[in-house]
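Asks: Provide a 3D model corresponding to the input given below.
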Amino acid sequence: MTTSPYSKENLSVGIKHFLLGRGLAGLAGFATVVLLVRFMSVEHYAGYTALTGVIVLAGIIAGLGFERAISRYVPEGRLERGASELGRFIWTMAFMRLAASILMCLVLYVSWDWVLAIFQDVTIKKFPLALACFVLAETLFQYFSSVLQALVLQKTLTQLMIIQWAGRLLLILLFVWQQTEINLEDSLWIMAIPEMLGVIGFVVVLLHYINKLSHAQSKKIFNQHEATWPDWQGVTQLSLHNYGFTLLAAPPQGYFMKMLAAALLPTQMVAAYGFFLSVAERLRQYIPLHLLYNLIEPVMIASYLQDKNFKTLSYRSQLLYKSNLLLMVPVIAWIVVAGPQIIGLLTGGKFQEFTWILLVVFVQLTVGSHVVLLQLILNSVNASVVLVRAGFWALIVMAISTVLACLVDMRALILGPTAFSLACNLYVLHQFKKMRLDYAFSWHMLLGVAGAGAIAAILSYWSLNFAHIDTLQPIWLALVTGLIVVIAYALSLPILKAINMSELHLLKSFFIRKPAMLNPVLGHE
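Replies: Model prediction:
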């Protein structure tokens, strides 16, 4: 019997390629962020912060909610339909997204004077071609990434991601070699050119894959009496619900907050906030929840479609969120103790007075990650309309938070995304109860992990102030405090019973292949 592409065995292989590729691409990406902030003036970096927010927002609007539809329908097409139907679905969605992104570029071209009026740090008077190229490339790159994830082609995807980020790094080094400072338009080309090359690579890979799949299926007969695939009404409904939630959830996202900060806050704070958001985005790629999300999402959906076991879906989702907390909490504790030293080392002495912003960004990332899992669950049980309602009520909460910030202290605008995520979490959990879905969130786990982080921060802070390690050079002080946090945190977790062996064994099973028979779609606990 042919092994399913969504089997646990194939998932294990995919994870290994994914981790290796993401590791290399992530290092290049982090180096890109650090080099840009070092070789751009604060004013140009603030302008770059504003424009990257505009670019991502344009990509989100042009996305039309297709990512979740891809995760939902591509696995179904790969398992149950012919290569021609699967290919037709993928290319139809791609052309629709391309048309939407071209329209967004035209909108930006027409409204460029308005953009300049809002963002004082954007100094490019004529609409830049680099911006249009970046919007088109970013939109299609994200779409094709979702397609390869849904097809479990992790090795190919990570190779393209390495090329993308390595290309950006090489372009930065080329600009630095030719001149001492990178300007705003240069930074846009640095981001756009490798992205365009990546899109070309995606198209070539998918054409080859679908052609190869067609030959492999040449002798396979599909049921001709089945309804035409996909169900475009279902695709449209799922996309619109997720699109509506995405638009409602736009204000708390990094790209929107960059624009809001650029319009209302001082240049120094805008640049600092933009840099911290970029650092958080790079780190987020290594948190298991986000690192493996696009890989695991189609597998979890396929598993739920097969057995309709909500308890298993809920358990796996909470395990993913727990893995997120286990990594984020010690990082937050480390920033509490040695934040200024860490920031100074990364930026060459810039933004150290804004350490509190970095803490807010990481807390928001931790709280908001749980909303991502709730979105996966609601899509799996065909209740995506709850996302739209949750986004609506959470947006009202954020609006109230923003008004209060304007009245009390403009810097408190940065707290808005956390208020949004908390409201969204509470609304969806309440709806689960009304739908009689047993999503038993573990408060014991949350308190245990948070308690371990608090203990680690206290011990590291004590060492800093009472064991006289505060006299060390910044780099050594950051390393020593980080080591103390890691050791104290690791020892505190089992004492507070925040982890158990069954969870570790389940995680280990994804990376160690065994000859025993496996569940065809992600084995049971």
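
Asks: Regarding this structure, what is its longest helix?
Replies: Ranked by number of residues, the top helix in the chain under DSSP state H is helix 310-347.

Asks: Run through the neighbouring helices and strands of that helix.
Replies: The contact analysis (3 or more Cβ pairs under 8 Å, 6 or more residues apart in numbering; DSSP states H and E) places helix 310-347 against helix 8-39, helix 267-284, helix 288-291, helix 293-307, helix 355-380, helix 443-466, helix 474-495, helix 501-509. Every C-beta, even on glycine, is put in place using the N, C-alpha and C of the backbone.

Asks: and of the ones you listed, who's closest to residue 125?
Replies: Minimum separation from residue 125 across the helices and strands packed on helix 310-347 (Cβ to Cβ) falls at helix 267-284, 18.5 Å.

Asks: And for that closest one, what's in contact with it?
Replies: Identification of contacts with helix 267-284 by Cβ atoms under 8 Å, 6 or more residues apart in numbering yields 26, 29-30, 33, 37, 42-43, 45-46, 48-50, 52, 121, 254, 257-258, 261-262, 265, 290, 331, 346-347, 350-351, 354, 357-358, 361-362, 365, 411, 414.

Asks: Just the buried residues of it, please?
Replies: Of the residues in helix 267-284, 267, 269-284 count as buried by neighbour count, 16 or more other Cβ atoms under 10 Å.

Asks: what's the answer for stretch 336-353, then?
Replies: 336-347, 350-352.

Asks: Might you list the low-confidence residue ranges for the stretch 201-350 of the chain?
Replies: The stretch 201-350 of the chain contains residues with pLDDT under 70 at 218-227, 285-286, 288-296, 298-299.

Asks: need the helices for the stretch 151-300 of the chain, in chain order.
Replies: All helices of the stretch 151-300 of the chain, identified by DSSP state H, counting those that start in this stretch, fall at 154-178, 184-216, 232-248, 254-264, 267-284, 288-291, 293-307.

Asks: The fourth one versus helix 355-380: what angle between them?
Replies: Translated: helix 254-264. Using axes from the mean of the first three to the mean of the last three Cα atoms, to 10 degrees, one finds that helix 254-264 and helix 355-380 are set 140 degrees apart in direction.

Asks: What count of nearby residues applies to residue 140?
Replies: 23 (other Cβ atoms under 10 Å).

Asks: now do residue 478
Replies: Count around residue 478 with other Cβ under 10 Å applied: 22.

Asks: who touches it in this structure?
Replies: Residues counted as contacts of residue 478 (Cβ under 8 Å, 6+ apart) are 338, 341-342, 345.

Asks: Could you report the neighbour count for the spatially closest residue to residue 252 that is not a sequence neighbour?
Replies: Nearest residue to residue 252, sequence neighbours excluded (Cβ to Cβ, 6 or more residues apart in numbering): residue 417, at 3.4 Å. Neighbour count of residue 417, defined by other Cβ under 10 Å: 25.

Asks: wait, residue 417 sits on residue 255?
Replies: No: look at residue 417 against residue 255 with Cβ atoms under 8 Å: they stay out of range, at 11.4 Å.

Asks: Would you mark the buried spots in stretch 63-83?
Replies: Of the residues in stretch 63-83, 63-79, 81-83 count as buried by neighbour count, 16+ other Cβ under 10 Å.

Asks: cool, and stretch 119-129?
Replies: Buried-residue list, stretch 119-129, by 16+ other Cβ under 10 Å: 119, 121-122, 124, 127-128.

Asks: May I see these organised as CSV, with pLDDT and secondary structure added?
Replies: Listed next are the buried residues of stretch 119-129 as CSV, based on pLDDT from 0 to 100; DSSP: H, G, I helix; E, B strand; the rest coil:
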residue, pLDDT, secondary structure
119, 88, coil
121, 86, coil
122, 89, coil
124, 89, coil
127, 92, coil
128, 93, coil
